[in-house]
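Peer 1: next comes the sequence, and after it the predicted model I'd like to discuss.
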Amino acid sequence: MRESMSKIASFCGSAALIAGLLLLAQASAAAQPGSFIVAQHGKQVGDATVTFRPTAKGFESTSIVHVSMQGLNYAISKDEELTAANQLNHAQLSATVNNTAVSLTATRDNAQFLLNVSANGRSSTLRLASHPAAVFLPDFDPGALDTLLALAATQNSRDLWAIIPKQTGAQAGAIEPVQLVTYADEAGTLDGKPVTVHHLVATIGGAKTDLFSGPANQLLQAELPQVGFAVVRKGFVLTPPRKAGAPPATPPQAGQTPQSANPPAPTPVQQ
């Protein structure tokens, strides 16, 4: 009897340890809240905040972004419902781009995402292929990039997708595969304390975004495809800092953000 009780106690202890490790793994792969600045060529042109709230089925997240500069006044408010595995169930986006208001919703519907768009008094519905590890990715949104990092941790950086809520030709959005490559770690400080910085490069629709994350997998900095733009967590400094791209030759047109290739990336250490 005593031997049986000892085995049961040992089993329960092992089960508790395994459960604790699983919870720790899930926590380390969870997206992180924070406050960010949006900069162009090192000068702040906007700000962003991201919050995450646990629910019975997973998480709710909110991103609020403002960018104000010559040729571009941009504001978004995005609310999402995510599963416990950071997978998208529903997203609601309200945006204003140079005084033009746009409203979008993305809802998972069996084998499709339904993207409903309302702008300029017109509404349309776009059906996109559904992928479990898909991120709803508006411009300048650190919350979406943080969720991408969380999904990459649980997906081993494979089978990642991005829903791009942006006019592309006749369509009001698209879903694109995300190719993620890991580079050598770098260094930085967060709130004045040294921190190891993981460096990844995400290629989405042919455009590259440099992502820098911390030990807890939280987004620290993103060098965006738009020329010279970066989103940086407040209190974070990359050392040495990345060199911003050259200033654009002409101001962006109304309703557009400037496009440019990033500087050459270092040699990847892991595919």
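Peer 2: On my side now, so go ahead.

Peer 1: what about the strands in the stretch 101-250 of the chain?
Peer 2: Along the stretch 101-250 of the chain, the stretches classed as strands by DSSP state E, counting those that start in this stretch are 112-119, 122-129, 134-136, 160-164, 174-190, 193-204, 207-213, 219-223, 229-233, 236-239.

Peer 1: so for residue 58, which of the ones you listed sits nearest?
Peer 2: Among these, the nearest to residue 58 by Cβ to Cβ is strand 134-136 (14.4 Å). Bear in mind the C-beta positions are built from the backbone N, C-alpha and C, glycine included.

Peer 1: state the mean pLDDT of the closest one.
Peer 2: Averaged across strand 134-136, pLDDT comes to 96.

Peer 1: which residues sit against it?
Peer 2: 78, 80, 87-88, 91, 93, 106, 113, 144, 147-148, 151, 160-163, 165, 175, 178 (Cβ atoms under 8 Å, 6 or more residues apart in numbering).

Peer 1: again with stretch 114-132
Peer 2: Counting by Cβ under 8 Å, 6+ apart, 87, 100-113, 159, 161, 163, 165, 171-175 sit against stretch 114-132.

Peer 1: how close does residue 203 get to residue 211?
Peer 2: 11 Å (Cβ to Cβ, to the nearest Å).

Peer 1: pick out whichever of the two has more residues nearby.
Peer 2: Between residue 203 and residue 211, residue 211 has the larger neighbour count (other Cβ atoms under 10 Å), namely 23 against 15.

Peer 1: before we move on, the earlier item: can you say which of the contacts of stretch 114-132 are buried?
Peer 2: 87, 102, 104-106, 108, 113, 161, 163, 165, 172-175 (16 or more other Cβ atoms under 10 Å).

Peer 1: which of these lies closest to residue 37?
Peer 2: residue 165 (22.8 Å).
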